[in-house]
Structures are given as structure tokens and as C-alpha cells.
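Colleague: Test case, fold it:
(chains A, B and C)
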Amino acid sequence: MVGRTIRGVIVRERRLRQPVPPSLADAAGARIAAVSRRGKYLIVTMGGSRGHLLVHLGMSGRLRVVRQAAPFRRHDHVAIELSSGRQLRCHDPRRFGLVLPLPAGDPLRHPLLRGLGPEPLSEMFNCTVLAAACRGRRAAIKLVIMDARVVVGVGNIYANEALFRAGIRPGIAARRLSGARLARLATAIRTVLDEAIAAGGTTLRDFLDADGRPGYFRQQLFVYERAGAPCRRCGTTIRQRVLGQRSTYWCPRCQGSA
DNA sequence: CGAACCTCCTGCGGGC
DNA sequence: TGCCCGCAGGAGGTTC
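Modeller: Numbering: from 1, shown residues only, chains lettered A, B, ... in the order given. Modelled structure (predicted):
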């Protein structure tokens, strides 16, 4: 997309997580200067102080670049027409996603991005930061690492998997964990994300990347969606419960003894 | 302030 | 076969 010009914007469904504002049409004529990311938010920066487009895929969102004439499919809500003769299609059955124009200036000052914690694969995220976030907190450790103010990018799959690798039970109060165990956890978060990215992500049902390919990290999951199955490390039956309204999986033997 | 709970929405698989 | 129920990758918001 970088270097292309936005010829026009087609909005077929405005009712996303936030309504798509009519001003999105003002992007027409702008050149795409850069595409970046903060947490799970995508940022399309337009040249000439034309501002940015903030995109989030929610749970079911998908971005595809297709030829201009490709027929619209159900749940293709927004299309960005590019000077290449192709369109960026925003497809999102559940409509938990977001397409929002942002004014020129630092997009990180926007309310949705301002309070975000460090990127997990950057130097800014380490055991010291994690320990500070856990100090005094009675919340379950899984909820803490899924809190975007603490660290971004750790969704339900990778929270479960990182806790398994660190040998930590998901429901334990964050403040009860020693610095040494939190150091293991910080490392596990980075490792699991690195490996998942290398595998192209995790396709559970319908995830496809921008080129339409699935991800293969599912084959490397130790606990997620494995309730009742034997632990890959010790054979103990994987357990499941709900924590913060999200499915939570753990091996009672590999993850703590308490 | 933290913690618990709710909400948005469609699709799919399982049970009956 | 068809219907109902529960659950699903996120995350901002409300209430106490």
C-alpha cells in the first residue's frame, strides 16, 4: 500500500465497534506514506498532513487486497480504492473491528493508543516492568498480562500458552509471584509470540493472513483449546475454567503445585 | 484506585 | 432436518 494513492473510499456498513465517520471519505486523494502498528492497532499514515487511518480487526476482522472489480462479499464493510487498481477490503463478520480517521499529528496521542503499555518484543517490556505491574495486584496473573496497559499484544491464546511455558497457574494472584517467576513469564511471553509469528500465526477456525494463508502455530499449542486432552509434556489432563469471561487452560502438574 | 461484569455481533458446532 | 444453546481470536465501558 505504501506509495499508492487513495482514489476513494467505499463504506458499505458504518456500524463497526465505533461508527465509521463520514469524514473517512476525506482520505480520497491522499498518498499512503507509511503503515505501522501499535499493539493490535494498525496505523495507515497519509502524506501531506492528511492524517491517519486507524484500523483494528477485533476478533473476526480480515484485511485483503483484491482487484478493483472483485465482487463484494458479505461483511466486506469498507473498501479503500488504491491507485494500483486494487482495493483494500475490510471484512469483519462480528463487527468488533474499527476503521477510524485520525487527524494529522502524532497518532499515539489518540485516546485509544495513549495509555497502551510497552510492545512485548521491545526492550521496553522486561521483568522489571512486569514486576511493577504485578506489585500489590490481587488480580489473576492471566488478566494482568492481557491488560493492554501493562503490555500490548497478549491475547487469550498467547496468555494461556505463555503461562504454561512459565509454569505458572493462570488464576494465581499477580502479587504472589516472585521476581524469578515473573522473569520466566516475561521471557515466555516474548518466546511464544516470536514462535507464533514465525509459524504465521494461529488459525483456529478462519484466520488467514494478508496473502490468504493460514498460520500453523496451532500445532504447537500446549494448552489452548486442549481441555480434557493429555498434557504434551507430562500427560496430565489439561483443565479449563473461565477467568475474566475468557476460556482459560492449564496443566495442573506443569503449572504450579498450589 | 482495582476488580468484577457487561456489551457489541455473527457464525458454527453440538445436542436434542 | 431444524432449532436452540453455548461459545469464539478483543477491548472499551459501567458499576461497586
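
Colleague: going forward, measure contacts between C-alpha atoms and count neighbours the same way
Modeller: Noted.

Colleague: ok, which residues in chain A are in contact with DNA strand C?
Modeller: Applying CA under 7 Å from any atom of the strand, we find that chain A lies next to DNA strand C at A:17, A:39-41, A:58-60, A:96, A:112, A:148, A:153-157, A:202-208, A:245-247.

Colleague: Helices of the stretch 101-250 of chain A, start to end?
Modeller: The residue ranges that make up the helices of the stretch 101-250 of chain A, judged by DSSP state H, counting those that start in this stretch, are A:111-114, A:127-134, A:141-145, A:156-166, A:179-198.

Colleague: among those helices, which is nearest A:Arg233?
Modeller: Across those, the minimum distance to A:Arg233, taken as CA to CA, is reached by helix A:156-166, at 10.3 Å.

Colleague: Nearest spatial neighbour of the spatially most central residue of chain A, chain-adjacent residues omitted?
Modeller: By CA atoms, centre = their mean, the mean C-alpha position of chain A lies nearest to A:Lys40, the distance being 4.0 Å. Residue nearest to A:Lys40 in three dimensions, not counting chain neighbours: A:Gly153, with 6.0 Å by CA to CA, 6 or more residues apart in numbering.

Colleague: Number of residues surrounding the one you found?
Modeller: The local packing count at A:Gly153 equals 22, with neighbours defined by other CA atoms under 10 Å.

Colleague: Equivalent analysis for A:Ala28, please.
Modeller: Other residues within reach of A:Ala28 by the criterion other CA under 10 Å amount to 16.

Colleague: still on that earlier bit, which residues does the residue nearest to the centre of chain A contact?
Modeller: The contact partners of A:Lys40, taken as CA atoms under 8 Å, 6 or more residues apart in numbering, are A:His56, A:Leu57, A:Val152, A:Gly153.

Colleague: now those in a markdown table, with distance to A:Cys234 and pLDDT?
Modeller: Listed next are the contacts of A:Lys40 as a markdown table, based on distance: CA to CA, whole Å; pLDDT from 0 to 100:
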| residue | distance to A:Cys234 | pLDDT |
| --- | --- | --- |
| A:His56 | 38 | 97 |
| A:Leu57 | 36 | 96 |
| A:Val152 | 31 | 97 |
| A:Gly153 | 29 | 96 |
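
Colleague: Quick one, which of these are buried?
Modeller: By the neighbour-count criterion of 16 or more other CA atoms under 10 Å, the contacts of A:Lys40 include these buried positions: A:His56, A:Leu57, A:Val152, A:Gly153.

Colleague: where does the residue in the stretch 1-150 of chain A positioned nearest to DNA strand B land on pLDDT?
Modeller: Closest contact between the stretch 1-150 of chain A and DNA strand B, by CA to the nearest atom of the strand, is at A:Arg138 (3.2 Å). What the model reports as pLDDT for A:Arg138 is 95.

Colleague: contacting residues for it?
Modeller: When contacts are counted by CA under 8 Å, 6+ apart, A:Arg138 touches A:Ala173, A:Ala174, A:Arg175.

Colleague: what does A:Thr248 give?
Modeller: With contacts defined as CA under 8 Å, 6+ apart, the neighbours of A:Thr248 are A:Asn156, A:Asn160, A:Pro170, A:Tyr224, A:Gln240, A:Arg241, A:Val242.

Colleague: I'd guessed the first one sits against A:Val144; true?
Modeller: No. Taking contacts as CA atoms under 8 Å, A:Asn156 lies outside contact range of A:Val144: 11.7 Å.
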